[in-house]
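**Q** Return a 3D structure for these sequence lines:
(one chain, ligands or ions: 1)
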Amino acid sequence: MLEAALAAMFGLLIGSFLNVCIYRLPRDLSVVRPRSYCPECEKPIAWFDNIPLLSFLLLKGRCRHCGKPIPARYPIVEVLTAILFFAFVAKLGLSLAAFKFCLFSALLVGMVFADLEERILPDEFTLGGLVVGLALSWVIPVTDVPTEFIFRVMGVRFEGHLLSLAESVFGAALPTGFLWLTGELFQRIRHKEGLGFGDVKMIAMVGAFLGLTGSLRTLILGSLVGSVVGVAYILLTKKDHKSYELPFGSFLGAAAIVVALLEQGVFAF
Ligand SMILES: [Zn+2]
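**A** Modelled structure (predicted):
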């Protein structure tokens, strides 16, 4: 439990960095320079006002200089990342697998909130995550039974690291192709863009980490919950359904986190 508690502390720090990314990446700003500043009054934030969660509580959610409220997203992202790090390390111990899933969930939290706020899924998260996911499959086996079955039917033989990498590539490619095709068809029929290319890149990243079964589960869960919540939101707020853009990436991201937690048996005690 000590390990998991330390992981949670580390998660708070990563969450704090994610907050910087969520604000700056969609605006094409550097995530390292300048140092943190208040977006309202642009005064730099001192280190003692920049401690994850604690500073937010001590400052009662307001900037020390201008008194404008700090968005609730800051503590939410920090606490959420901490909980996820805690959960994966408590279940998997201090292992490479825990490292993989902590990194995966951190990237997803970043995407969920970037899409929610800016309707942008930064390439740093999607494509960067795709590359990292493929690379990690070499050391942490993806192991996807349906994919191995398909390989056998196709008569291709992979073993060891190469099999895991092939499963990761396959898990990324197949749902991506499916989603891309759906988007293309939608565009041809409705003559408007239904899916952002960011969503397509995102599902590739999810597939690289989780394999085919995990990415398909993510796609189904994300689409289902996304449509229900999206329709309910439009009906309740009476927004114009033609101009309202659903943050599909946020639903995909949340679904991928739930699927990863379930597949790793985090809820099974
Ligand atoms: Zn301020």
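
**Q** the helices in this structure, which residues?
**A** Per DSSP state H, the chain carries helices over the ranges 2-24, 54-58, 73-92, 96-118, 123-137, 145-154, 160-190, 197-237, 248-263.

**Q** Distance to Ser36, mean pLDDT and mean neighbour count added to those, as a markdown table?
**A** Every C-beta, even on glycine, is put in place using the N, C-alpha and C of the backbone. Shown next, in a markdown table, are those (distance: least, Cβ to Cβ, whole Å; pLDDT from 0 to 100; neighbours: other Cβ atoms under 10 Å):
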| stretch | distance to Ser36 | mean pLDDT | mean neighbour count |
| --- | --- | --- | --- |
| helix 2-24 | 7 | 95 | 19 |
| helix 54-58 | 10 | 93 | 15 |
| helix 73-92 | 11 | 97 | 21 |
| helix 96-118 | 16 | 96 | 22 |
| helix 123-137 | 18 | 96 | 19 |
| helix 145-154 | 43 | 90 | 13 |
| helix 160-190 | 34 | 89 | 17 |
| helix 197-237 | 26 | 93 | 20 |
| helix 248-263 | 24 | 96 | 22 |
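
**Q** which one of these lies closest to Tyr37?
**A** For Tyr37, the closest of the helices of the chain is helix 2-24, at 10.3 Å, according to Cβ to Cβ.

**Q** check contacts around Leu96.
**A** Neighbour list for Leu96: 139-140 [criterion: Cβ atoms under 8 Å, 6 or more residues apart in numbering].

**Q** now it: how far from the ion?
**A** 41 Å (Cβ to the ion, to the nearest Å).

**Q** cool, and Val169?
**A** 46 Å.

**Q** Just list the residues touching that residue, thanks.
**A** 134, 208.

**Q** likewise Met9?
**A** Taking Cβ under 8 Å, 6+ apart as the contact definition, Met9 lies against Ala82.

**Q** can you start the count at 442 instead of 1 from here on
**A** Taking 442 as the first residue, the last one we looked at is Met450.

**Q** just to revisit the earlier point, can you lay out the helices of the chain as a markdown table showing distance to Tyr478?
**A** Converted to a markdown table, the helices of the chain look like this (distance: least, Cβ to Cβ, whole Å):
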| stretch | distance to Tyr478 |
| --- | --- |
| helix 443-465 | 10 |
| helix 495-499 | 14 |
| helix 514-533 | 14 |
| helix 537-559 | 18 |
| helix 564-578 | 21 |
| helix 586-595 | 47 |
| helix 601-631 | 37 |
| helix 638-678 | 27 |
| helix 689-704 | 26 |
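
**Q** Centroid-nearest residue for this structure?
**A** Leu549 (1.0 Å; Cα atoms, centre = their mean).

**Q** Lovely, talk soon.
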